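*Asks:* show me the folded form of this:
(one chain, ligands or ions: 1)
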Amino acid sequence: MLYLASQSPRRRELLARLGLDFDVLALDVPEQRRPEESAEDYVCRVAHEKALAGLADVDHDQEALVLGADTEVVLDDEVFGKPADAADAMAMLRRLSGREHRVISAVSLVSATRSVQAVSISKVTFAPLPGTLMAAYVAGGEPFGKAGAYAIQGGAEAFVTRLDGSYSGVMGLPLQVTAQLLASFGLGPMAAAGAGTTTTPVEAP
Ligand SMILES: Cc1cn([C@H]2C[C@H](O)[C@@H](COP(=O)(O)OP(=O)(O)OP(=O)(O)O)O2)c(=O)[nH]c1=O
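*Replies:* This next block holds a predicted model:
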(Lines give C-alpha, C1' and ligand atoms only; values in the text may rest on other atoms or scores of the structure.)
Protein backbone atom coordinates (compact mmCIF):
# COMPACT_ATOMS: atom_id res chain seq x y z
CA MET A 1 0.00 0.00 0.00
CA LEU A 2 1.18 3.53 -0.79
CA TYR A 3 0.88 6.14 1.98
CA LEU A 4 1.29 9.91 1.78
CA ALA A 5 2.82 11.15 5.05
CA SER A 6 1.48 14.68 4.73
CA GLN A 7 -1.29 16.90 6.01
CA SER A 8 -0.97 19.16 2.97
CA PRO A 9 -4.12 19.21 0.82
CA ARG A 10 -1.94 20.36 -2.11
CA ARG A 11 0.21 17.24 -1.89
CA ARG A 12 -2.88 15.04 -1.76
CA GLU A 13 -4.27 16.72 -4.86
CA LEU A 14 -0.97 16.54 -6.74
CA LEU A 15 -0.23 12.89 -5.88
CA ALA A 16 -3.76 11.94 -6.98
CA ARG A 17 -2.90 13.27 -10.44
CA LEU A 18 -0.48 10.34 -10.88
CA GLY A 19 -3.51 8.02 -10.80
CA LEU A 20 -2.44 5.91 -7.82
CA ASP A 21 -4.46 4.79 -4.82
CA PHE A 22 -2.99 5.91 -1.51
CA ASP A 23 -3.88 6.55 2.11
CA VAL A 24 -3.00 9.77 3.94
CA LEU A 25 -1.16 9.71 7.28
CA ALA A 26 -1.53 12.70 9.59
CA LEU A 27 1.83 13.22 11.28
CA ASP A 28 3.54 16.12 12.94
CA VAL A 29 7.29 16.08 12.33
CA PRO A 30 9.27 19.00 13.81
CA GLU A 31 10.87 21.28 11.22
CA GLN A 32 13.96 22.96 12.62
CA ARG A 33 17.02 23.82 10.53
CA ARG A 34 20.30 22.88 12.22
CA PRO A 35 23.16 25.37 12.50
CA GLU A 36 25.47 24.99 9.48
CA GLU A 37 22.91 22.84 7.62
CA SER A 38 22.46 23.98 4.02
CA ALA A 39 18.93 24.85 2.92
CA GLU A 40 18.90 21.90 0.50
CA ASP A 41 20.18 19.41 3.10
CA TYR A 42 17.55 20.68 5.54
CA VAL A 43 14.65 20.21 3.11
CA CYS A 44 15.88 16.73 2.15
CA ARG A 45 16.31 15.72 5.79
CA VAL A 46 12.81 16.87 6.77
CA ALA A 47 11.21 15.09 3.78
CA HIS A 48 13.03 11.90 4.79
CA GLU A 49 12.05 12.27 8.47
CA LYS A 50 8.39 12.66 7.45
CA ALA A 51 8.59 9.48 5.36
CA LEU A 52 10.30 7.54 8.18
CA ALA A 53 7.73 8.75 10.74
CA GLY A 54 5.02 7.56 8.36
CA LEU A 55 6.68 4.17 7.99
CA ALA A 56 6.83 3.79 11.78
CA ASP A 57 3.13 4.68 11.91
CA VAL A 58 2.14 1.82 9.57
CA ASP A 59 4.50 -0.84 10.88
CA HIS A 60 1.61 -3.33 10.72
CA ASP A 61 1.85 -3.16 6.91
CA GLN A 62 4.94 -5.02 5.69
CA GLU A 63 4.27 -3.85 2.12
CA ALA A 64 4.04 -0.17 3.06
CA LEU A 65 5.62 2.41 0.79
CA VAL A 66 5.58 5.88 2.35
CA LEU A 67 6.08 9.22 0.62
CA GLY A 68 7.24 12.26 2.59
CA ALA A 69 7.87 15.71 1.15
CA ASP A 70 9.01 19.12 2.28
CA THR A 71 8.93 22.52 0.60
CA GLU A 72 10.71 25.69 1.66
CA VAL A 73 11.18 29.09 0.08
CA VAL A 74 14.80 30.21 0.14
CA LEU A 75 15.95 33.80 -0.36
CA ASP A 76 19.74 33.96 -0.64
CA ASP A 77 20.42 31.31 2.05
CA GLU A 78 17.56 32.24 4.34
CA VAL A 79 14.77 29.68 4.67
CA PHE A 80 11.18 30.93 4.78
CA GLY A 81 8.82 28.32 6.17
CA LYS A 82 5.14 28.85 6.92
CA PRO A 83 4.40 32.29 8.43
CA ALA A 84 3.57 32.36 12.13
CA ASP A 85 1.11 35.25 11.82
CA ALA A 86 0.04 38.14 9.59
CA ALA A 87 3.06 40.30 10.48
CA ASP A 88 5.39 37.42 9.63
CA ALA A 89 3.56 36.87 6.31
CA MET A 90 3.87 40.59 5.44
CA ALA A 91 7.57 40.54 6.30
CA MET A 92 8.18 37.53 4.02
CA LEU A 93 6.26 39.04 1.10
CA ARG A 94 8.13 42.35 1.47
CA ARG A 95 11.42 40.48 1.26
CA LEU A 96 10.31 38.46 -1.78
CA SER A 97 8.90 41.50 -3.62
CA GLY A 98 10.82 42.41 -6.79
CA ARG A 99 13.34 39.60 -6.34
CA GLU A 100 14.23 36.09 -7.40
CA HIS A 101 14.09 33.28 -4.82
CA ARG A 102 14.34 29.52 -4.88
CA VAL A 103 11.69 27.00 -3.91
CA ILE A 104 13.22 23.73 -2.77
CA SER A 105 10.95 20.68 -2.65
CA ALA A 106 12.31 17.31 -1.58
CA VAL A 107 10.56 13.97 -1.85
CA SER A 108 11.50 10.81 0.01
CA LEU A 109 10.01 7.38 -0.63
CA VAL A 110 10.69 4.64 1.90
CA SER A 111 9.80 0.99 2.35
CA ALA A 112 10.96 -1.48 5.00
CA THR A 113 13.97 -2.38 2.85
CA ARG A 114 14.77 0.61 0.65
CA SER A 115 14.55 4.35 0.39
CA VAL A 116 15.08 6.82 -2.44
CA GLN A 117 14.88 10.56 -2.58
CA ALA A 118 15.00 13.44 -5.02
CA VAL A 119 14.96 17.19 -4.85
CA SER A 120 13.50 19.81 -7.15
CA ILE A 121 14.79 23.39 -7.09
CA SER A 122 12.83 26.08 -8.89
CA LYS A 123 13.65 29.75 -9.34
CA VAL A 124 10.74 32.14 -8.96
CA THR A 125 10.81 35.91 -9.57
CA PHE A 126 8.20 38.23 -8.09
CA ALA A 127 7.30 41.61 -9.54
CA PRO A 128 7.65 44.55 -7.16
CA LEU A 129 4.51 44.27 -5.01
CA PRO A 130 2.67 47.37 -3.80
CA GLY A 131 2.12 47.45 -0.03
CA THR A 132 -1.65 47.57 -0.44
CA LEU A 133 -1.57 44.44 -2.60
CA MET A 134 0.49 42.52 -0.03
CA ALA A 135 -1.75 43.69 2.81
CA ALA A 136 -4.89 42.59 0.95
CA TYR A 137 -3.30 39.23 0.09
CA VAL A 138 -2.42 38.59 3.75
CA ALA A 139 -5.87 39.75 4.91
CA GLY A 140 -7.42 37.23 2.49
CA GLY A 141 -5.71 34.43 4.46
CA GLU A 142 -4.01 32.61 1.61
CA PRO A 143 -0.42 32.92 2.97
CA PHE A 144 -1.13 30.79 6.05
CA GLY A 145 0.10 27.22 5.93
CA LYS A 146 2.23 28.01 2.84
CA ALA A 147 6.02 28.24 2.74
CA GLY A 148 7.10 31.81 1.96
CA ALA A 149 3.57 33.08 2.68
CA TYR A 150 2.26 32.57 -0.83
CA ALA A 151 0.45 30.10 -3.07
CA ILE A 152 1.47 30.01 -6.73
CA GLN A 153 -1.70 28.03 -7.37
CA GLY A 154 -3.74 30.91 -5.94
CA GLY A 155 -3.62 34.69 -6.02
CA ALA A 156 0.17 34.79 -5.98
CA GLU A 157 0.29 33.52 -9.54
CA ALA A 158 -0.26 37.20 -10.41
CA PHE A 159 2.97 38.10 -8.56
CA VAL A 160 5.20 35.83 -10.65
CA THR A 161 7.11 37.35 -13.56
CA ARG A 162 9.26 34.26 -14.13
CA LEU A 163 9.32 30.60 -13.12
CA ASP A 164 12.26 28.43 -13.98
CA GLY A 165 11.58 24.93 -12.70
CA SER A 166 8.63 22.81 -11.60
CA TYR A 167 5.22 24.38 -11.02
CA SER A 168 4.08 21.33 -9.02
CA GLY A 169 7.36 21.52 -7.07
CA VAL A 170 6.58 25.08 -6.03
CA MET A 171 3.08 23.93 -5.03
CA GLY A 172 4.55 21.26 -2.77
CA LEU A 173 5.10 18.01 -4.68
CA PRO A 174 7.28 17.96 -7.82
CA LEU A 175 5.42 15.45 -9.95
CA GLN A 176 8.11 14.58 -12.48
CA VAL A 177 10.66 13.50 -9.86
CA THR A 178 7.90 11.90 -7.76
CA ALA A 179 6.85 9.79 -10.75
CA GLN A 180 10.47 8.74 -11.22
CA LEU A 181 10.84 7.71 -7.58
CA LEU A 182 7.59 5.74 -7.73
CA ALA A 183 8.73 4.07 -10.96
CA SER A 184 11.84 2.79 -9.16
CA PHE A 185 9.37 0.82 -7.01
CA GLY A 186 7.45 -0.30 -10.11
CA LEU A 187 4.54 2.08 -9.50
CA GLY A 188 2.82 4.89 -11.36
CA PRO A 189 2.66 6.23 -14.88
CA MET A 190 6.39 6.13 -15.63
CA ALA A 191 6.66 2.50 -14.53
CA ALA A 192 3.64 1.53 -16.63
CA ALA A 193 5.07 3.30 -19.66
CA GLY A 194 8.55 1.82 -19.11
CA ALA A 195 9.73 5.40 -19.58
CA GLY A 196 13.38 6.39 -19.51
CA THR A 197 14.46 8.71 -16.73
CA THR A 198 16.29 12.01 -16.87
CA THR A 199 17.29 12.01 -13.20
CA THR A 200 18.40 8.99 -11.26
CA PRO A 201 16.72 8.70 -7.86
CA VAL A 202 19.39 8.58 -5.19
CA GLU A 203 19.35 5.99 -2.43
CA ALA A 204 18.77 7.85 0.81
CA PRO A 205 21.26 7.37 3.66
C1 LIG B 1 5.54 28.11 -2.21
C2 LIG B 1 4.24 27.39 -2.01
C3 LIG B 1 4.05 26.52 -0.93
N4 LIG B 1 2.84 25.88 -0.74
C5 LIG B 1 2.62 24.99 0.41
C6 LIG B 1 2.92 23.52 0.13
C7 LIG B 1 3.08 22.95 1.52
O8 LIG B 1 1.79 22.52 1.99
C9 LIG B 1 3.56 24.15 2.34
C10 LIG B 1 4.99 23.98 2.80
O11 LIG B 1 5.00 23.38 4.07
P12 LIG B 1 5.57 21.93 4.36
O13 LIG B 1 6.18 21.97 5.72
O14 LIG B 1 6.45 21.45 3.23
O15 LIG B 1 4.28 21.01 4.35
P16 LIG B 1 2.98 21.05 5.26
O17 LIG B 1 3.31 21.42 6.67
O18 LIG B 1 1.92 21.88 4.57
O19 LIG B 1 2.49 19.55 5.19
P20 LIG B 1 3.22 18.20 5.74
O21 LIG B 1 4.43 18.61 6.54
O22 LIG B 1 2.19 17.51 6.57
O23 LIG B 1 3.58 17.43 4.49
O24 LIG B 1 3.47 25.30 1.49
C25 LIG B 1 1.80 26.08 -1.64
O26 LIG B 1 0.71 25.51 -1.47
N27 LIG B 1 1.98 26.90 -2.72
C28 LIG B 1 3.15 27.57 -2.95
O29 LIG B 1 3.26 28.32 -3.96
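*Asks:* got the contact list for the closest residue to Ala86 other than its chain neighbours?
*Replies:* Computed as C-beta to C-beta, 6 or more residues apart in numbering, the closest residue to Ala86 that is not its neighbour in sequence is Val138, at 5.2 Å. Every C-beta, even on glycine, is put in place using the N, C-alpha and C of the backbone. Val138 makes contact with Ala86, Ala89, Met90, Leu93, Ala149, according to C-beta atoms under 8 Å, 6 or more residues apart in numbering.
*Asks:* how near is the last one to Lys50?
*Replies:* Per C-beta to C-beta, to the nearest Å, Ala149 is found 21 Å from Lys50.
*Asks:* kindly report the same for the second one.
*Replies:* Remark: distance between Ala89 and Lys50 (C-beta to C-beta) = 24 Å.
*Asks:* I'd guess the residue nearest to Ala86 is in a helix, am I close?
*Replies:* Yes - the assignment for Val138 is a helix, going by DSSP: H, G, I helix; E, B strand; the rest coil.
*Asks:* could I get the pLDDT score of it?
*Replies:* Per-residue confidence at Val138 stands at 98 (pLDDT).
*Asks:* same question, Gly194
*Replies:* Note for Gly194: predicted pLDDT of 58.
*Asks:* quick one: contacts for the spatially closest residue to Arg95 that is not a sequence neighbour?
*Replies:* Beyond its immediate neighbours in the sequence, the residue positioned closest to Arg95 (C-beta to C-beta, 6+ apart) is Leu75, lying 5.8 Å away. The contact partners of Leu75, by C-beta under 8 Å, 6+ apart, come to Arg95, Leu96, Arg99, His101, Arg102.
*Asks:* swap in Phe126?
*Replies:* When contacts are counted by C-beta under 8 Å, 6+ apart, Phe126 touches Leu96, Ser97, Gly98, Arg99, His101, Phe159, Val160, Thr161.
*Asks:* who does it bridge with?
*Replies:* On the basis of DSSP bridges, Phe126 takes part in beta bridges with Val160.
*Asks:* quick check: buried residues in the lengthiest helix in the chain?
*Replies:* Secondary structure of the chain read by DSSP state H shows that its longest helix is helix 39-57. Neighbour counts using 16 or more other C-beta atoms under 10 Å place 39, 42-55, 57 of helix 39-57 among the buried residues.
*Asks:* restrict those to contacts with the ligand.
*Replies:* Near the ligand, taking C-beta under 6 Å from any ligand atom as the test, the members of the buried residues of helix 39-57 found are Lys50.
*Asks:* out of the buried residues of helix 39-57, which is nearest to the ligand?
*Replies:* Lys50 (5.9 Å; C-beta to the nearest ligand atom).
*Asks:* not counting sequence-adjacent ones, nearest residue to that closest one?
*Replies:* Of all residues not flanking Lys50 in the chain, Gly68 sits nearest, at 3.1 Å (C-beta to C-beta, 6+ apart).
*Asks:* who is that neighbour paired with across the strands?
*Replies:* Counting by DSSP bridges, Gly68 is bridged to Ser108.
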